[in-house]
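# sequence unavailable; structure follows:
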C-alpha cells in the first residue's frame, strides 16, 4: 500500500507492505485521518519521545530508527474480516476505533508503532470488538474528529466541573477547541478562551467560547478573575473562611510547551484547578511555592476512556458537540510532508485531514 | 523583652521592644513555641523567600534586612487585655491561636513579620477573637503542637480520601508525622511511610504507620504498589476499563526539596493523587510527560482552615490525634541558635520546643 512514512526524521511517501488482519481483526481502508500535534512533535523529537515514553512506563514504544506510519485520528471502511471474526459489521461499513490494537504480542498504539500502521497509509488493521459504526448522515471527515474531540471530553470529565465553576481555556488549537466544545456541552458559562492567533480566536468563538481574549492585549487571568468575583467579595474575610467566595476556577492548559505551567501558576488565583491537556515532552521548570501558596490542584490528563470515545462519536452526530469547524484543510498522501510544515503555523491550519484514497 | 531574633542572616538573642496590644488584642507571654522547618529555610534563604513570597502574591512579606522574631507554633498565657477587649478569657488562661494578627494595617503573619513578634520572644500580641482555650489536662508543650498538627490535618482533608485509598507518606519529619496521625484518625489502612532516617522511621511507627520503609533498602513505591494490587488484577484489562482496579493511590510528599516531585512522578502508578505538603522554595525541574502519561493529580497544600485548627486542638486533647512523641527536645531562648543547627540533622530532632521563660 502507499503511505506517508516517518523515516530518518522525515516524512516520505512510499510503498510499504499491506497489513494483515489477525484473529478477531479486520482490514480497513483509511478514508480520513487527522494530523495531530503530537505527530509533529514525534517527528521533531523522535528519539527523545521514545526515551521519555519508555522511562515513564509506556510499553512497546516505537523505534524511531525504523519506519513508522503515524496517524491515530481516523475514519475507515471495512474491507475484509480476519480469521475468527464475528462479522457483526459488514464489509463496506464506515467505522471509527480507539487507536489501540490488541494482538498476539499485546497492545500496540496505532500510529506510534513500527508494526501496526496508522491512518497515514491506505490500509490498517483494527480489532473488530473496538469498532464503532459511523452514522449514515455523518460525514467521513467529521467522524475522523472523534479521537481529538474525545481528548477534550476526557479533559473536561477529569476537571470534575461544579455548577459555579468558571473555566478558562489557554490555547485554542485542536485540543483547546475540543475542550471548549465539551465545556459548552456540560453547560459551563461563561467559557473564556485565550490564544495569540486571530484565526484560532475566531475558531474558539465558533466552538462557543463566550469571552475570547488576545493575551497580547489583555491578561486572560485578569479577564477571568474579574468574571469570578461575586458581589460583596472581601479577600480578608474570604481568607478567614467567611463571606462570599470566589467562583471556583478551572484552567485548561492546552499549549504544552516548557514555561506555560509556571505562567499558569503565576496567573491563577487561589484554589484554582488546572487541567494539563497540553502534552509537554520536554523538561520543564516550575517554582512550586507559587502553587503551594495558592493551593493549586494540577490534574494531568491523557487520552480518554472507551465510554467517552463512544459518547463523543454519538454527540458529534447528534449535534451536542461542535466539531466540524476544526477542519481547515484536506490533503492526499503526497500532501502530508508539506502539511507537517504548514501546521507549525497557527495561522494556516487547525486540523488537516489526510484522505489516502483521494 | 528577650527574644531570639533573626538579624543579618543569624539568630541572636537580644532585648527588643515589648509588643503593645491594640484594640481587640491581648498581650500574652509565650509559654512554648515549636521550631518549624520553614524557619530554618527562612534563615538560610531569607532574601529568596521574601522575593518568592512577594511574586507569588503574599502581601506584607518581611524585610530580611530588618529584625524578625520568628516562631508561629505556640501556646501562650494571657497577661493583659488591650483596649476594647471583650475579656471573654481571663488573665492567666492558656491559649493557642492561628499565627495571624489582624490589626489596623491589615493581616500580618506572626513569626514572619518585622512588626509583629512571634513565639521566639517572651511576649506576643494576639487577636482576642482568634484565641482557643487550652484544656486544663493538656500540657503546654503539646498544645504548642496544634499548629504543625493542623498542617497535617489540612493536607489529609485536601486529599479527599476514599475508603479504598492507600496512602504513602514520603518523608517523616514533623509534617509527615502530622499527616500519619491524621490518616490514622481518618481510618486509613495500611498507612505506608518512608524515610531514610532510623529515628524518623521509629517516630512514624509511634504515630501509627502500619508499614515503614527505608528507601535505601526497598522502593517505597514498590512496597505500596504491591499492597494496592487487588486479586485477579490484569493491567491490560484495566487499561480497557474492565476487571478489578488498583486501589486509588495517594502520595503525601513531605520532603520539599528540588527533585522530589519528579521522583514521585517516576515512582507513582497511574491515577495517583499526590498531595504536596513539603514546601519547596526553590526552582524545581519536572518532566511533565511522566505526570501526563499516568494522569497524575497534584494537590499543593499550605496551612489550614480555622475549623481544622480548632478541631486539631480538640482532637489532640481527646486522644484522637497522636502528637506528643514529636517533641524531641526543649530549650530556652539562649538555646535557639544552636537548635537551628541541630535541626538540620534528622537524627537529632523532630520538633524542638522553645520555652522563653524557662
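Okay, I see it. Every value quoted in this text rests on a predicted model; they were computed, and no experiment measured them.

# from now on I want contacts and neighbour counts done on CA atoms only, so please keep to that.
Noted.

# how about the helix or strand hosting residue A:200: buried residues?
Per DSSP states H and E, residue A:200 falls inside helix A:198-206. Across helix A:198-206, burial judged by 16 or more other CA atoms under 10 Å in any protein chain shown covers A:199, A:200, A:201, A:203, A:204, A:205, A:206.

# over to stretch A:12-30?
A:12-13, A:16, A:18-19, A:21-22, A:24-30.

# ok, and what's touching it?
A:1-6, A:74-86, A:103, A:116-117, A:119-129, A:333-334, A:337, A:355-357 (CA atoms under 8 Å, 6 or more residues apart in numbering or on different chains).

# same check, this time on stretch A:327-337
A:2-4, A:10-13, A:120-121, A:349-358.

# picking up where we left off before, which among the buried residues of helix A:198-206 gets closest to residue A:300?
residue A:204 (22.4 Å; CA to CA).

# is it true that that closest one touches residue A:211?
No. Residue A:204 is beyond contact range of residue A:211, at 9.2 Å (criterion: CA atoms under 8 Å).

# now do the shared contacts for those two.
Shared contacts of residue A:204 and residue A:211, counting by CA under 8 Å, 6+ apart, come down to residue A:193.

# count the neighbours of the nearest residue to residue A:164 once chain neighbours are set aside for me.
The shortest distance from residue A:164 to any non-neighbouring residue, by CA to CA, 6 or more residues apart in numbering or on different chains, is to residue A:247 (6.0 Å). Counted with other CA atoms under 10 Å in any protein chain shown, residues neighbouring residue A:247 total 19.

# residues contacting residue A:247?
A:164, A:165, A:166, A:228, A:229, A:230.

# how close does the fourth one sit to residue B:234?
Meaning residue A:228. Here residue A:228 is placed at a distance of 44 Å from residue B:234 (CA to CA, to the nearest Å).

# more neighbours: these two, which one.
More crowded of residue A:228 and residue B:234, by other CA under 10 Å: residue A:228, with 19 against 15.

# give the contact list for that one.
Counting by CA under 8 Å, 6+ apart, residue A:228 has contacts A:166, A:246, A:247, A:248, A:249.

# before we move on, the earlier item: got a quick PyMOL command for the buried subset of the contacts of stretch A:327-337?
Those of the contacts of stretch A:327-337 that count as buried under 16+ other CA under 10 Å are selected in PyMOL with:
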select buried, chain A and resi 2+3+4+11+12+13+120+121+349+350+351+352+353+354+355+356
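
# among the contacts of stretch A:327-337, which ones are in strands?
When DSSP state E is applied, the contacts of stretch A:327-337 are split such that A:2, A:3, A:4, A:10, A:11, A:12, A:13, A:351, A:352, A:353, A:354 fall in strands.

# coming back round to it: show the buried residues in the contacts of stretch A:12-30.
Buried positions within the contacts of stretch A:12-30, assessed by neighbour count (16+ other CA under 10 Å), are A:2-6, A:74-82, A:85, A:116-117, A:119-128, A:333-334, A:337, A:355-356.

# who in chain A is up against chain B?
Residues of chain A that fall close to chain B, judged by CA under 8 Å from any CA of the partner chain: A:52-53, A:56, A:58, A:107, A:236, A:240-241, A:266, A:276, A:279-302, A:305-306.

# show only the entries of the residues you listed found in helices.
A:52, A:53, A:236, A:266, A:288, A:289, A:290, A:291, A:292, A:293, A:306 (DSSP state H).

# nearest to residue B:182, out of those residues: which one, please.
Using CA to CA, these come closest to residue B:182 at residue A:292, 19.9 Å.

# nearest spatial neighbour of that closest one, skipping sequence neighbours?
Closest to residue A:292 by CA to CA, 6+ apart is residue B:300, at 4.8 Å.

# one step back: tell me which two of the contacts of residue A:228 sit farthest apart.
Once CA to CA is applied, the contacts of residue A:228 give A:166 and A:246 as the farthest pair, at 9.8 Å.

# the helices in chain A, which residues?
According to DSSP H, the helices that chain A contains are A:37-44, A:46-55, A:140-143, A:146-158, A:174-185, A:198-206, A:220-227, A:235-239, A:260-267, A:288-293, A:306-317, A:336-342.

# which strands or helices does the longest one pack on?
Secondary structure elements in contact with helix A:146-158, counted by 3 or more CA pairs under 8 Å, 6 or more residues apart in numbering or on different chains; DSSP states H and E, are strand A:73-81, helix A:174-185, helix A:306-317.

# the ones you listed: which one's closest to residue B:65?
Checking these against residue B:65 by CA to CA gives helix A:174-185 as the closest, at 46.3 Å.

# quick check: mean pLDDT of the closest one?
Computed over helix A:174-185, the mean pLDDT rounds to 98.

# which strands and helices lie in contact with it?
Partner elements for helix A:174-185 (3+ CA pairs under 8 Å, 6+ apart): helix A:146-158, strand A:166-170, helix A:198-206.

# hmm, who's touching that helix?
So helix A:174-185 is contacted by A:148-153, A:155-156, A:169-170, A:191, A:193, A:203-204, A:207-209, A:252, A:254, A:277-278, A:320-323, A:326, A:350-351 (CA under 8 Å, 6+ apart).

# okay, the angle between that helix and helix A:198-206?
20 degrees (axes from the mean of the first three to the mean of the last three CA atoms, to 10 degrees).

# for chain A, name the helix or strand with the lowest mean pLDDT.
Least confident helix or strand, chain A: helix A:235-239 with a mean of 74, by mean pLDDT, DSSP states H and E.

# what does that helix contact?
Outside helix A:235-239, the residues within contact range by CA under 8 Å, 6+ apart are A:243, A:244, A:245, B:107.

# count of neighbours near the second one?
Which is residue A:244. For residue A:244, using other CA under 10 Å, the count is 15.

# please name the nearest non-neighbouring residue to it.
Nearest one to residue A:244, counting by CA to CA, 6+ apart, is residue A:233 at 5.4 Å.

# kindly report the same for residue A:146.
residue A:313 (5.4 Å).

# so that neighbour touches residue A:143, yeah?
Yes. If you go by CA under 8 Å, residue A:313 and residue A:143 touch, sitting 6.9 Å apart.

# mind listing what the residue nearest to residue A:146 touches?
A:134, A:143, A:146 are the contacts of residue A:313 under CA under 8 Å, 6+ apart.

# if you rank the contacts of helix A:235-239 by neighbours, which is first?
residue A:245 (18 neighbours).
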